[in-house]
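Asker: this one's structure only:
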Ligand SMILES: NC(=O)C1=CN([C@@H]2O[C@H](COP(=O)(O)OP(=O)(O)OC[C@H]3O[C@@H](n4cnc5c(N)ncnc54)[C@H](OP(=O)(O)O)[C@@H]3O)[C@@H](O)[C@H]2O)C=CC1
Ligand SMILES: CC(=O)N[C@@H](CCC(=O)OP(=O)(O)O)C(=O)O
């Protein structure tokens, strides 16, 4: 029997923070010891998120009030930009701490790329060097040894999982990857924003960040590594009026005489035995509603009418496998818990 660990969730009054609470309340090896907020510090979690009414949870405090002596691992679910300084301060106070960061602040290994995409220099270069990129299925060895894991973005996870194995096996052309990635609105967080009002987003769909969305940098980083040379994907996110879910269609050009069936075989082999990644039978199209609320990813491979192209389809829930579920999976790996602990919920359908 493994001893439970004590965790703190920084940013517990946000959407990914609340999703962490939902998952960790059912985790057999974890105690939720501290929850923080900014504007909502001082409030009870059940007042901020009434779904937790009747459940005993720590009151929301500021980060400074957290007693790190009593904490083994921190989930950092703060806006990107604020996180580098916060995590540096945590490690200064307690070097033995483990941290899983859900923000983008430690995802890019190259500080020049960080500055280009985020518009300001990286503030914590030494910490960046030790951060492991947290797509669990593709980076287990580094994550298991790390004290700081950078949980990837939700769009990035959705596309990295199907594309990286195919680039590694040189089955698709690195410069001809076209990704359209539709996201639900909870991806934008809980803080009020005019462009996220119901009347601005309902009954329609629009692209955003066209040609310049910052998740392109994460895709470049992982695709370049897999291809062994610069890969240049076209990445277009779409905002659609649903709460949870990412749904990416990825058009690829086949290389070296590969067939769409071979792409399917490679993905099926890569993810055989993975508890959270399901490769559907060849030609079958996944749906976001079939992963909603679960840590699952569903992948599909469909042949295009031309012999040299195929369409990959990948879907996950942005709040679970796209954020908090993957963060718990990373914690499980770091702490040597069974990887599925706390993550066994099935999708909520219909
Ligand atoms: N939503 C998603 O699907 C995904 C989000 N992420 C990333 O996870 C992180 C959290 O996202 P999300 O939960 O959606 O965001 P929210 O806006 O819903 O929540 C942000 C949280 O951070 C707190 N906070 C804000 N500013 C500060 C500050 N200056 N100091 C301390 N605490 C602060 C907020 O407190 P208060 O409420 O009191 O203001 C709140 O608890 C972000 O970096 C995001 O990019 C990653 C993948 C997917
Ligand atoms: C709907 C929406 O706005 N989604 C966010 C993605 C949230 C996420 O995964 O990513 P980060 O952690 O990198 O912010 C966006 O496109 O910026």
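Answerer: Received, thanks. Worth saying up front: this structure is predicted, and the values here are computed from it rather than measured. Numbering: from 1, shown residues only. Ligands and ions are numbered 1, 2, ... in the order given.
Asker: show me the domain layout of the protein.
Answerer: Taking automatic domain parsing as the criterion, the chain consists of the domains 5-152+321-334, 155-318.
Asker: let me know the average pLDDT across the last one.
Answerer: For domain 155-318, the mean per-residue pLDDT is 97.
Asker: need phi/psi at the nearest residue to residue 248 once chain neighbours are set aside.
Answerer: Sequence neighbours aside, residue 181 is the residue nearest to residue 248 in space, at 4.1 Å (criterion: C-beta to C-beta, 6 or more residues apart in numbering). For glycine as for every other residue, the C-beta is placed from the backbone atoms N, C-alpha and C. Main-chain torsions, residue 181, degrees, to the nearest 10: phi -130, psi 110.
Asker: tally of neighbours for residue 181?
Answerer: Using other C-beta atoms under 10 Å, residue 181 is surrounded by 24 other residues.
Asker: for residue 177, which three-state class applies?
Answerer: Assigned with DSSP: H, G, I helix; E, B strand; the rest coil, residue 177 falls in the strand class.
Asker: between the domains of the chain, which one is closest to residue 346.
Answerer: domain 155-318 (5.6 Å; C-beta to C-beta).
Asker: coming back round to it: out of the domains of the chain, which gets nearest to residue 349?
Answerer: domain 155-318 (5.5 Å).
Asker: first-to-last residue distance for that closest one?
Answerer: 8 Å (C-alpha to C-alpha, to the nearest Å).
Asker: what's across from residue 178 in the sheet?
Answerer: residue 234, residue 251 (DSSP bridges).
Asker: burial measure for it, as a count.
Answerer: For residue 178, using other C-beta under 10 Å, the count is 15.
Asker: could you find the closest non-adjacent residue to residue 226?
Answerer: residue 167 (3.9 Å).
Asker: pretty sure residue 231 is in a strand, no?
Answerer: No: going by three-state DSSP, the assignment for residue 231 is coil, not a strand.
Asker: returning to what we had before: let me have the domains of the chain in TSV, extended by distance to ligand 1.
Answerer: Shown next, in TSV, are the domains of the chain (distance: least, C-beta to the nearest ligand atom, whole Å):
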stretch	distance to ligand 1
domain 5-152+321-334	2
domain 155-318	3
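Asker: report all helices and strands that the strand or helix carrying residue 114 contacts.
Answerer: Assigned by DSSP states H and E, residue 114 belongs to helix 111-118. Judged by 3 or more C-beta pairs under 8 Å, 6 or more residues apart in numbering; DSSP states H and E, helix 111-118 is in contact with helix 125-130, helix 215-227.
Asker: may I see the buried residues of that helix?
Answerer: By neighbour count on 16 or more other C-beta atoms under 10 Å, the buried set for helix 111-118 is 113, 114, 117, 118.
Asker: hmm, that helix touching ligand 2?
Answerer: No: residues of helix 111-118 are not located near ligand 2 by C-beta under 6 Å from any ligand atom, the shortest gap being 10.2 Å.
Asker: would you mind getting the angle between that helix and helix 215-227?
Answerer: Counting by axes from the mean of the first three to the mean of the last three C-alpha atoms, to 10 degrees, helix 111-118 points 150 degrees away from the direction of helix 215-227.
Asker: quick one: average pLDDT of helix 111-118?
Answerer: So the average pLDDT for helix 111-118 ends up being 97.
Asker: so the residue nearest to residue 248 sits against residue 245, correct?
Answerer: No: the criterion here is C-beta atoms under 8 Å, and residue 181 misses it with residue 245 at 10.8 Å.
Asker: get me the contact residues on this protein for ligand 2.
Answerer: Residues of the chain lying near ligand 2 (C-beta under 6 Å from any ligand atom): 80, 103, 104, 153, 154, 183, 185, 187, 188, 237, 239, 322.
Asker: who are the neighbours in contact with the first one?
Answerer: Residue 80 makes contact with 103, 104, 105, 118 under the criterion C-beta atoms under 8 Å, 6 or more residues apart in numbering.
Asker: with adjacent residues omitted, what lies nearest to the residue in the stretch 101-250 of the chain that ligand 2 sits nearest to?
Answerer: Proximity of the stretch 101-250 of the chain to ligand 2 (C-beta to the nearest ligand atom) peaks at residue 187, 3.0 Å away. In space, and not counting its chain neighbours, residue 187 is closest to residue 318: 4.7 Å by C-beta to C-beta, 6+ apart.
Asker: kind regards, and thank you for your time.
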